[in-house]
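**Q** Here is a sequence with its predicted model. Questions after.
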Amino acid sequence: MSFSEMISPLVGRAVLAWFFLSGALSYATQWEGTIGLMTIKGVPAPALLLALGVIVMILGSLSLLFGFNTRPGALLLFAFTIAASVLMHNYWRISDVAARDADYQIFARNIAIAGALLLLVGMGPGPFALDNRVGQKKKQR
């Protein structure tokens, strides 16, 4: 296994974890503003869904960062990212061209991130992950 094959999954997981953790922090510190935006977008039960979203982002990020239950964590973040993107970045409903283009860019970025999460689901966390230690202990029994 080459150096890049060993280190790339670790760095990729860390970058994705950073993205979601920073987002969770932003939403948590701008709680009322985020709820207001969710209300404008027509999201039902915005406070409950925001709390759930922040929890999912934190738990999923920690899963990726440490490589512990990586596949379920990545799958959870994938589902969250798709749902949040469709609910909050529905660019197809925006009539103003500049606003639609800006929202489309965010939507497209989120879908690309969802694709990276699916790669983790399919390929696993790489060699530097707690998942590997847990798996080795199970194999030794």
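**A** Arrived safely, thanks for sending.
**Q** Check the residue nearest to Leu76 when sequence neighbours are not counted and give its pLDDT.
**A** Nearest non-adjacent residue to Leu76, counting by CB to CB, 6 or more residues apart in numbering: Gly60, 5.1 Å away. All C-beta spots, glycine's among them, are computed from the backbone N, C-alpha and C. Residue-level confidence at Gly60 comes out at 98, pLDDT.
**Q** Same check on Glu5?
**A** What the model reports for Glu5 is a pLDDT of 87.
**Q** Near it, how many other residues are there?
**A** The tally of other residues near Glu5 (other CB atoms under 10 Å) stands at 10.
**Q** So which bits of the helix or strand it falls within are buried?
**A** Glu5 is part of helix 3-29, with elements assigned from DSSP states H and E. Neighbour-count burial for helix 3-29, with 16 or more other CB atoms under 10 Å as criterion, is recorded at 9-10, 12-13, 16-17, 19-21, 23-24, 27.
**Q** quick one: low-confidence parts of this protein?
**A** Regions of the chain meeting the criterion pLDDT under 70 cover residues 134-141.
**Q** repeat that with 90
**A** Residue ranges of the chain with pLDDT under 90: 1, 3-5, 133-141.
**Q** those helices in it, which residues are they?
**A** Secondary structure of the chain, counting by DSSP state H: helices at 3-29, 31-40, 46-66, 70-88, 97-123, 130-140.
**Q** State the phi and psi torsions of the nearest residue in space to Leu87 that is not next to it in sequence.
**A** Once flanking residues are discounted, Leu87 sits nearest to Val43: 5.4 Å by CB to CB, 6+ apart. Dihedral pair for Val43: phi -70, psi 130, per degrees, to the nearest 10.
**Q** One more: His89?
**A** When read as degrees, to the nearest 10, the backbone of His89 gives phi -130, psi 50.
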